[in-house]
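Trainee: sharing a sequence plus its predicted fold:
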Amino acid sequence: MAKSINQVILMGRLTRDPEQRTTSTGKTIASFSLAVDRGGDSDTADFFEITAWEKLGELVIQYLGKGRRVLVQGRLRQDSWDDKETGKKRSRVEVTATDVTFLDGPSDSAGPSDRASSAPKSASKKSDDVVIEDIDDKPIDLSEIPF
């Protein structure tokens, strides 16, 4: 018998800033919506609700904002419930993220938010500290390489 597979990969832009919730057991959940342009027709897009849990959710809350491009890998989850107001059966499909890759920096996004622009700037500062001395043409002694 074949194994079941439930995997989805989406690349798009956040349509809103991520929202943070905390479960009764203290786990962090980040919820956001992703717009994925349809190939060939740039005027239409598909919209997906995404949830990211715990450490991944904390990173999403800290670094992502509306307009940021991301690659989301995860699995589909379907919820069903009875609407308390109308009594009708309701359902929705959402993506539970297992990995979120940030594709652009805060300055590259179409609509930067305050949260997205608050990413740490220590990485760029470290690159300014590097000073390259004159490089000579002496052969490299392989015994000096530590690995």
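Mentor: The structure has been received and is ready for your questions. If you're wondering where the values come from, they're calculated on a predicted model, not measured in any experiment. Numbers count the residues shown, from 1 in each chain.

Trainee: tell me where the model's unsure across the protein.
Mentor: 1, 41-42, 106-138, 140, 147 (pLDDT under 70).

Trainee: strands of that one, start to end?
Mentor: 8-14, 19-22, 28-38, 41-53, 69-82, 89-102 (DSSP state E).

Trainee: can I get those in a markdown table with mean neighbour count and distance to Ile145?
Mentor: In short, each C-beta sits where N, CA and C put it, glycine included. Below are the strands of the chain laid out as a markdown table (neighbours: other Cβ atoms under 10 Å; distance: least, Cβ to Cβ, whole Å):
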| stretch | mean neighbour count | distance to Ile145 |
| --- | --- | --- |
| strand 8-14 | 17 | 39 |
| strand 19-22 | 12 | 46 |
| strand 28-38 | 18 | 43 |
| strand 41-53 | 14 | 40 |
| strand 69-82 | 14 | 35 |
| strand 89-102 | 14 | 32 |
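
Trainee: dump these to TSV, plus distance to Pro139.
Mentor: As requested, those are arranged in TSV below (distance: least, Cβ to Cβ, whole Å):
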stretch	distance to Pro139
strand 8-14	46
strand 19-22	56
strand 28-38	52
strand 41-53	50
strand 69-82	43
strand 89-102	40
